[in-house]
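S.K.: take a look and give me a structure for this.
(chains A and B)
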Protein chains: 2
Amino acid sequence: MDASNNAGKTLEAQAKAFFDSAPPLHNSHKISQDLNHFIQHNSSSLENGEARRIVCVTSGGTTAPLEQRCVRYVDNFSSGHRGATSTEYFLKAGYAVIFLHRRGSFQPFCRSLPDDPLLECFEPTNDLNIQVREAYSEALKRAYLYHHNAVTDCLLLKLPFSTIFEYLQMLQMIAISMRCVGPRAMFYLAAAVSDYYVPWKDMVEHKIQSGSHLLDVKLVQVPKMLSVLRKDWAPLAFCISFKLETDSSILLNKANAALDKYNMHAVIANELLTRKEQVVVVTSAEKITVLRDNSEYANDVEDPLIKLLSERHTAYIEDSGR
Amino acid sequence: MDASNNAGKTLEAQAKAFFDSAPPLHNSHKISQDLNHFIQHNSSSLENGEARRIVCVTSGGTTAPLEQRCVRYVDNFSSGHRGATSTEYFLKAGYAVIFLHRRGSFQPFCRSLPDDPLLECFEPTNDLNIQVREAYSEALKRAYLYHHNAVTDCLLLKLPFSTIFEYLQMLQMIAISMRCVGPRAMFYLAAAVSDYYVPWKDMVEHKIQSGSHLLDVKLVQVPKMLSVLRKDWAPLAFCISFKLETDSSILLNKANAALDKYNMHAVIANELLTRKEQVVVVTSAEKITVLRDNSEYANDVEDPLIKLLSERHTAYIEDSGR
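M.R.: Numbers count the residues shown, from 1 in each chain, chains lettered A, B, ... in the order given. Predicted coordinates for the structure are as follows:
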């Protein structure tokens, strides 16, 4: 099927064309095994008789390759700070987290460390050895131990992606694997996903030659997979998507439009310059502004945000059980 | 001046239009100070009466933003492995190194460490503390101390870039600052530099809206700054550029063409899949295949490569002095 022309096709046909044209996912068997083990482990009852909730947090930006042997690609900027920080608070709120993240993006529990931890966290000793700097020793210990414990307790599963093809194939696998979790599943879709891509089969195999004065890159729209996720892949899951804009005047309208169009349970509206200070949770019934608590330096807007979403998720699960 | 139409302009006019249209470099004053201090420090005589040679190693890929408040950009893939590894061997060969690198790319002396050093280099102890894993302790110590010593001895200056605008502005500053070094200066241009960009003033300020089925991105050619570097910025320096192709059948012809076109002293030809095993040094007089020594696991193709280039640089300095 031709993926390069979506016009007039049903969404299902667009999605099928996208996946048919995508290069196969590496080690999909291993990913599938890890996923099933993680979901089964976290579906057995907790001490209070309830099963644990599982959230899939997506984080960082996807790339859209312009060449099959990828030298050039269009990248969507995202540090992954939102996804990584939210993962910490979801774990704190008792969730098991599948962290689907861009390779090399921000990781949970590493925020209080310097940019280049290896070179900044250590100092030389007099006997030509190295030691952890006093100023970073607590942060390093905390980062390591929280992360280590979450992974060994099977509460955190980290899955990396780079391209839009990898991201959407993995998201589909996760969603289908999580069907058995029903309404206890949440999708928290914070990744910055490419809107446009070059279908794999339309791409030149080798590096684009730089002969002419102009390069004209024609990209086609990525099918709106949020709709497919809600409708087909995981119809019972509680779904949160994000709307990031640099222009505040169109932000809430765009968030509202996304809520309707993709049938999300909530859309988190955030503006590029203030995104660490405040977000607006847009649902069909209300718009709630969530602010970072500025009384202490280390507070995050994700702290009240995840508390709010966890409460709404609880209500959603109760409603689903009636 | 309009940067969007290079056709028919002289190279000087194209370069001027590029720089006129570029957003101003952040902290250019600090960079200039650091550069001048570094170059002055390394221009005083060594014990043998000669002054130290200085190489500017460029490393990693540049981005070409598609929006002024950058969410989307075209990226040129490069891990920075070549530049980082070469930097180690240039230091070993007695050079002072200005390492102009893509933010977040591979760093010198960090090769033998795992991908995620923070989480893989440590292990928990019985008393709820952490310690460096025995398997990584030597590598970590070596990475830290070599790096630390090179920086504190003023033999390594690290300058990061992301966009093509930052890269070319910084390269120009470095080249002009290094003029006083004459033929003792080398440029080892291993960065993967964008061939095409969107002139800053042609860019939309806000995020491109994803309404239509097709996105048509029109990029214009980046002026061939290698020529400007050779001719105007640093006419006495020894200049090495790189040619990377995925298609081996056109590689040597492209390398030869680059040698003539930009008047380089050598072009290093390398193919994507075999670039860690072999490269070909193309000069006007010869083509020398340089192979990695496979007798030991840890050897690098950069070891014989930098030895060869250092010898050629010595001969070039002697020739210049006649």
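S.K.: quick check: closest non-adjacent residue to A:Val151.
M.R.: Among residues not flanking A:Val151 along the chain, A:Lys158 sits closest, at 7.5 Å (C-beta to C-beta, 6 or more residues apart in numbering or on different chains). (C-beta placed from N, C-alpha, C; glycine too.)
S.K.: also A:Ser162?
M.R.: Using C-beta to C-beta, 6+ apart, the closest residue to A:Ser162 is A:Arg103 (5.1 Å).
S.K.: ok, A:Ile98 next?
M.R.: Using C-beta to C-beta, 6+ apart, the closest residue to A:Ile98 is A:Cys56 (4.4 Å).
S.K.: could I get the average pLDDT for the host helix or strand of the one you found?
M.R.: Taking DSSP states H and E as the criterion, A:Cys56 maps to strand A:54-59. In this model, strand A:54-59 carries a mean pLDDT of 98.
S.K.: figure out how far it is from the centre of its chain.
M.R.: Mean-position distance between strand A:54-59 and its chain equals 6 Å (C-alpha atoms, centre = their mean, to the nearest Å).
S.K.: strands paired with it, and their directions?
M.R.: strand A:96-102 (parallel), strand A:185-189 (parallel) (DSSP bridges).
S.K.: low-confidence ranges in chain A?
M.R.: A:1-7, A:70, A:117-118, A:204-211 (pLDDT under 70).
S.K.: ok, the nearest residue to A:Trp200 once chain neighbours are set aside to A:Ala15 distance?
M.R.: Distance criterion C-beta to C-beta, 6+ apart; nearest residue to A:Trp200, sequence neighbours excluded, is A:Ser21 at 5.0 Å. Using C-beta to C-beta, to the nearest Å, A:Ser21 is found at 11 Å from A:Ala15.
S.K.: spatially central residue in chain A, please.
M.R.: With distances taken as C-alpha atoms, centre = their mean, A:Thr58 lies nearest the centre of chain A, 1.0 Å away.
S.K.: quick one on the thing from earlier: more crowded one of A:Ser21 and A:Ala15?
M.R.: Taking neighbours as other C-beta atoms under 10 Å in any protein chain shown, A:Ser21 and A:Ala15 compare with A:Ala15 leading, 23 against 18.
S.K.: so the more buried one sits against A:Val228, correct?
M.R.: Yes - the pair A:Ala15 / A:Val228 is scored as a contact, 5.1 Å apart, by C-beta atoms under 8 Å.
S.K.: can you list the residues that contact stretch A:239-255?
M.R.: With contact meaning C-beta atoms under 8 Å, 6 or more residues apart in numbering or on different chains, stretch A:239-255 is reached by A:82, A:186-190, A:192, A:226, A:229-230, A:258, A:262-273, A:275, A:280, A:282, A:287, A:309, B:67, B:69, B:71, B:205-207.
S.K.: apply 6 Å and report the result again.
M.R.: The contact list for stretch A:239-255, computed with C-beta atoms under 6 Å, 6 or more residues apart in numbering or on different chains, reads A:187-190, A:226, A:230, A:258, A:264-272, A:282, B:69, B:206-207.
S.K.: how about it: buried residues?
M.R.: Of the residues in stretch A:239-255, those with enough neighbours to count as buried (16 or more other C-beta atoms under 10 Å in any protein chain shown) are A:Cys239, A:Ile240, A:Ser241, A:Phe242, A:Lys243, A:Leu244, A:Glu245, A:Thr246, A:Leu251, A:Leu252, A:Lys254, A:Ala255.
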